[in-house]
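In: coords please:
(3 chains)
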Amino acid sequence: MSVARGQALRQRDVSLLDLVDRLLDGGVVIHGDITLAVADIDLVYVGLRALIASVETIERDAGVSLSASTPALKASAL
Amino acid sequence: MSGVLYVYAITDSLGGPTVIGLHGAPLQRVASGPLAAVVSEHPRAPEPDEDTLWAHEQVVEELMESATILPLRFGSSVAGPDALTAMLAERREEFLAALERVRGAVEVSVRGELPPGDSEDQLPQAGAPGGPEAPGAPGSGTAYLLERAERERRERDAAELVHRPLAALARRSVPPANGADPRHFKAAYLVEEGALEAFGARVGELNAELGAVRISATGPWPPYSFVGERSP
Amino acid sequence: MNGHADPTRRSKLLAGDPDIVPVGAELDRLDGALRRRVNAERESLEKGLAQLVLTVIELLRQLMERQALRRIEGGSLTADEVERLGETFMLLQERMTELKEAFGIEDEELNLDLGPLGRLI
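Out: The predicted model follows:
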């Protein structure tokens, strides 16, 4: 394969990669229904992202201290 | 009506030159207040193969030539126009804000290789036979975390050398991820249309300036990475 | 045919040299991603579930490790706490390696796109 043709293929590889990144993982999302399927993996994680915050952030925002001795507080803070 | 309305983009512009949709289907606009969704009718939602993805991209890029648009994720379809107008009404503020965020700008993707660190050899591995690096040995936990911190610092510095000058030329950016493979640089930039050429030139300059760093940029793309509610 | 419909007009290169971009592993993943969205067979479903679970564990492990590093930098942990955290993370990493081997899952397969947070791996 000539160098030029090899380079042309490479350009298309990177372009395809960036295209798929954008079209399948970017853009406005209009569906809200949750389906348990391997394909729609991003729906499972939206909820997870909302739940995770650093302990320091929660303690600071809620003005409380989170510790193993107050399990009820921990659950409600999340 | 059977079939689906396949949605390409959301816009606040009334019209533009005629654009043909996937599989030769004509484009229609479904309006709600100041917004409109650009759609085409199909018996079923299109499948994501290489040709169809490029065809979809072609439609969105043509729309972008004459209007500010928010590109939809591939595969977005609704049963009928009512579901669409309801959604546009419900999320009107979100979409109007997003349109302002991206007006007059395009997305550029930058990828590349950063110099490999030599930290992997030095990273204390859990379970190494004997030695102070094994868990349980005094101070091994601390050594592990400190080495992690050092490696992170080195990775951040390398990525910053590329990201900072490019981010300075962009309206907004999605910086390289913190936990990502440090050898692979991947970021997205929202660049003013008029600054696109200068941005490309800067990418070339960085390749020359930073010897061990080699990056390449693709674009202009519709602003896929900058339309979400939590997007930069 | 015009625009991207023509297969020879599918390069979006703006600048730089695409030869150096390490796309090999990602292209394989891309292949898998496209196939997954079209049809999920039972086998890939089961492996997909193991992948899902391990990805969540890996996500939490990395987040917690990063938090520990932030707190070390911020000086809000005692030397003893640092040591205990480090020990735990070393053991966790060991465990993850064992689990990945047991399920035959590669690092790249645990990747996850967190949108604005970037990719996990």
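In: name the residue of chain B that lies nearest to chain A.
Out: Nearest to chain A, among the residues of chain B, is residue B:224, at 3.2 Å (C-beta to the nearest C-beta). The way it works is simple: take the backbone N, C-alpha and C, and place the C-beta from them, glycine included.
In: so what's the closest residue to that residue other than its chain neighbours up against?
Out: Nearest non-adjacent residue to residue B:224, counting by C-beta to C-beta, 6 or more residues apart in numbering or on different chains: residue A:26, 3.2 Å away. Applying C-beta atoms under 8 Å, 6 or more residues apart in numbering or on different chains, we find residue A:26 in contact with B:71, B:73, B:224-225, B:227-228.
In: run the last query once more with 10 Å
Out: Neighbouring residues of residue A:26 by C-beta atoms under 10 Å, 6 or more residues apart in numbering or on different chains: A:20, B:71-74, B:107, B:174, B:188, B:221-228, B:231, C:113, C:115.
In: point out where chain B drops to low pLDDT.
Out: Residue ranges of chain B with pLDDT under 70: B:1-2, B:116-136, B:178-182, B:229-232.
In: and what of chain C?
Out: Those would be C:1-2, C:20-47, C:108-121, if you go by pLDDT under 70 across chain C.
In: any chance you could map the strands in it?
Out: For chain C, strands defined by DSSP state E occupy the ranges C:13-16.
In: sort out which residues of the biggest helix by length in it are buried, please.
Out: Longest helix of chain C, by residue count under DSSP state H: helix C:42-74. For helix C:42-74, a neighbour-count test (16 or more other C-beta atoms under 10 Å in any protein chain shown) marks C:47-48, C:50-52, C:54-55, C:58-59, C:64-69, C:71-72 as buried.
In: how's chain B carved up into domains?
Out: Listed domain ranges for chain B are B:4-102, B:105-226 (source: automatic domain parsing).
In: any idea which of these gets closest to residue C:79?
Out: Nearest to residue C:79, of all the domains of chain B, is domain B:105-226, at 7.1 Å by C-beta to C-beta.
In: from chain B, which residue is nearest to chain C?
Out: residue B:177 (2.2 Å).
In: distance of that residue relative to residue C:75?
Out: Per C-beta to C-beta, to the nearest Å, residue B:177 is found 26 Å from residue C:75.
In: of those two, who's got more company?
Out: A side-by-side neighbour count of residue B:177 and residue C:75, using other C-beta atoms under 10 Å in any protein chain shown, places residue B:177 first with 19 against 7.
In: if we can go back for a sec, I figured the residue of chain B closest to chain C hits residue B:186, correct?
Out: Yes. Look at residue B:177 against residue B:186 with C-beta atoms under 10 Å: they come within range, at 7.5 Å.
In: near chain A at all, stretch C:92-103?
Out: No. Looking at stretch C:92-103 against chain A by C-beta under 10 Å from any C-beta of the partner chain, there are no contacts, and the closest approach is 14.8 Å.
In: low pLDDT regions in chain A?
Out: Using pLDDT under 70, chain A drops low at A:1-9, A:31-78.
In: the domain parsing of it - what is it?
Out: As assigned by automatic domain parsing, chain A contains the domains A:1-29, A:31-78.
In: so which elements touch whichever helix or strand residue B:65 is part of?
Out: Using DSSP states H and E, residue B:65 sits within helix B:50-66. Helices and strands touching helix B:50-66, by 3 or more C-beta pairs under 10 Å, 6 or more residues apart in numbering or on different chains; DSSP states H and E, are helix A:3-25, strand B:4-11, strand B:35-42, strand B:69-71, strand B:214-221, helix C:24-38.
In: re earlier: list the contacts of the residue of chain B closest to chain A.
Out: By C-beta under 10 Å, 6+ apart, residue B:224 lies in contact with A:18-19, A:21-28, B:57, B:60, B:70-74, B:102, B:107, B:109, B:188, B:231.
In: how does it look with 7 Å?
Out: Taking C-beta atoms under 7 Å, 6 or more residues apart in numbering or on different chains as the contact definition, residue B:224 lies against A:22, A:26-27, B:71, B:107.
In: and it, how close does it get to residue C:90?
Out: Distance from residue B:224 to residue C:90, by C-beta to C-beta: 39 Å.
In: and if you look at residue B:152?
Out: Residue B:152 is 16 Å from residue C:90, by C-beta to C-beta.
In: okay, the two: which has more neighbours?
Out: Each of residue B:152 and residue C:90 has its neighbours counted (other C-beta under 10 Å); residue C:90 has more, 25 against 18.
In: quick one: end-to-end length of stretch B:25-36, please.
Out: In stretch B:25-36, first residue to last residue: 18 Å (C-alpha to C-alpha, to the nearest Å).
In: centre of the chain to that stretch, how far?
Out: Here stretch B:25-36 is found 25 Å from its chain centre; the criterion is C-alpha atoms, centre = their mean, to the nearest Å.
In: and it, anywhere near chain C?
Out: No. Using C-beta under 7 Å from any C-beta of the partner chain, stretch B:25-36 stays clear of chain C, coming no nearer than 14.2 Å.
In: may I have stretch B:212-222 exported as CSV, CA atoms only?
Out: Output in CSV follows, covering the C-alpha atoms of stretch B:212-222 (Å, rounded to 0.1, in the frame of the first residue of the first chain):
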residue,chain,number,x,y,z
ALA,B,212,7.4,14.4,22.1
VAL,B,213,3.8,15.4,21.7
ARG,B,214,2.0,14.5,18.4
ILE,B,215,-1.6,15.6,18.0
SER,B,216,-4.1,15.9,15.2
ALA,B,217,-7.4,17.7,14.9
THR,B,218,-10.6,16.8,13.1
GLY,B,219,-13.5,19.2,12.3
PRO,B,220,-15.4,21.4,11.9
TRP,B,221,-18.1,19.3,13.6
PRO,B,222,-21.6,20.3,14.7
